[in-house]
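Undergrad: coordinates for the following, if possible.
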Amino acid sequence: MLTRTVQFSAPGEPSQVLHLQSLQQPLPGPGQVLVQMLVSPVNPSDLMFVRGHYTLKAQCPATPGFEGVGIVAAAGPGLRGRLFLGRRVVVLNPKGGNWSEYAVVPAENVVPISSSLSDQQAATFFVNPATAWVMTREVLRVPPGEWLVLTAAGSALGQMVVRLAKHCGFRTFCVVRRAAQRTLLKTLGADHVEVCSDEMAVAGLTEQIRSVVGSAGARYAIDAVGGSLGSALVNSLGRGGRLLAYGTLSGQPLSFHPRTLMTAGSSVEGFWLGNFMAEQGLLFRLNLVRRLTRLIRSGVLHTEIGGEWGLDQVQVAVQAAEDSAISGKCLLRIHPVSG
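TA: Numbers count the residues shown, from 1 in each chain. This is a model prediction of the structure:
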């Protein structure tokens, strides 16, 4: 039986190298499940993967798609997979592969999802909502009233962090590239929005952060950019301050003197949701799913949707995902609406 799959044979510009192929439907092995994919989002990490810029290097020919939602159609040997047969599940595919009509993943990489969430919200369940929650509530554990400094605050994930901060009672110092993003973030509840559209503004960012959060410096920060912008956040950290580096949008490394950390006793840590989740047991995952479901339904971690495209429109979808005129997450609708 053949199945349609998006593939690329060599890294490159997504709209040029991605093509729809008809391949033999995969079969699940021991401890694996076969998932009929319903919807998968186009995330920045997917596009970096296609371009060859992601932490994980593609073994070409390769299929993108790190998250999504689908229905378990078959299970290989093993009890856990059989428990999920016929159920709608969130699919975490850390090696990629969800931009396909059928995907085979380890049974521990799928989690049953509430029928109260649409396919669209279920498909975008983990990469942004879980990252926002885990970084701020599980890893940094930002206390109420404290400041969190964040770059790329105008992104879908950044907006979630701002709404989550309002919900949990901590404050946000948001760094954005465009002045137009200030009004939106203020509407969402951001406490301070700083526009850094050029290197001159970046050069003064450390001082500006300290002038707002306090001369002692920031205690909590998350950075998705790297380069000079992320480095300014490192330099703004106060005693015992922590920065989580979770993205490399600039493609440039962080640059700072070791004494910046030594003097303040501050730290810079890498964060990758896949690594974090791999260390968690089933009970944590189920509790996380219940918590995130409530927050998505309440609107705190809701994902705005920018549109849906079929697998045969993947070139259009990946272009739309990087079009600043389109607000919201772009999705690939692989199979019809469930239920």
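
Undergrad: just the helices in the protein please.
TA: Counting by DSSP state H, one finds helices in the chain at the ranges 14-17, 44-51, 79-83, 119-123, 131-133, 156-168, 180-188, 199-203, 205-213, 227-236, 258-264, 273-278, 282-297, 314-321.

Undergrad: out of these, which is closest to G70?
TA: Comparing the helices of the chain against G70 with CB to CB, the closest turns out to be helix 119-123 (8.8 Å). For glycine as for every other residue, the C-beta is placed from the backbone atoms N, C-alpha and C.

Undergrad: would you format the helices of the chain as CSV with mean pLDDT included?
TA: Below are the helices of the chain laid out as CSV (pLDDT from 0 to 100):
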stretch, mean pLDDT
helix 14-17, 96
helix 44-51, 94
helix 79-83, 84
helix 119-123, 96
helix 131-133, 97
helix 156-168, 96
helix 180-188, 92
helix 199-203, 82
helix 205-213, 95
helix 227-236, 95
helix 258-264, 92
helix 273-278, 86
helix 282-297, 91
helix 314-321, 96
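
Undergrad: between the ones you listed, which one is nearest to Q32?
TA: That would be helix 79-83 among these, by CB to CB, at 6.5 Å.

Undergrad: please save the CA atoms from the closest one in PDB.
TA: Presented in PDB, the C-alpha positions along helix 79-83 are these (Å, rounded to 0.1, in the frame of the first residue of the first chain):
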ATOM      1  CA  LEU A  79       1.500  -3.700  25.300                       C
ATOM      2  CA  ARG A  80       1.700   0.100  25.300                       C
ATOM      3  CA  GLY A  81       1.200   0.500  21.600                       C
ATOM      4  CA  ARG A  82      -1.900  -1.700  21.600                       C
ATOM      5  CA  LEU A  83      -3.500   0.400  24.400                       C
END
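
Undergrad: which outside residues touch it?
TA: Here helix 79-83 makes contact (CB atoms under 8 Å, 6 or more residues apart in numbering) with 28, 31-33, 72, 75, 107-108.

Undergrad: how far off centre is it?
TA: Here the centre of helix 79-83 is set off from its chain's centre by 28 Å, with CA atoms, centre = their mean, to the nearest Å.

Undergrad: same check, this time on stretch 121-131
TA: With CA atoms, centre = their mean, you get 7 Å for stretch 121-131.

Undergrad: and stretch 62-79, by the same measure?
TA: The answer for stretch 62-79 is 19 Å, by CA atoms, centre = their mean.

Undergrad: could you do stretch 294-305 as well?
TA: The answer for stretch 294-305 is 14 Å, by CA atoms, centre = their mean.

Undergrad: circling back: top of the contacts of helix 79-83 by neighbour count?
TA: Using other CB atoms under 10 Å as the neighbour test, the contacts of helix 79-83 are led by V33, with 30 neighbours.

Undergrad: I'd say it and A75 touch.
TA: Yes: the pair V33 / A75 is scored as a contact, 4.9 Å apart, by CB atoms under 8 Å.

Undergrad: mutual contacts of the two, please.
TA: Contacts common to V33 and A75, judged by CB under 8 Å, 6+ apart, are 81, 84, 107.

Undergrad: run a quick neighbour tally on the nearest residue to V89 once chain neighbours are set aside.
TA: Of all residues not flanking V89 in the chain, V110 sits nearest, at 4.0 Å (CB to CB, 6 or more residues apart in numbering). Neighbourhood size, V110 [other CB under 10 Å]: 25.
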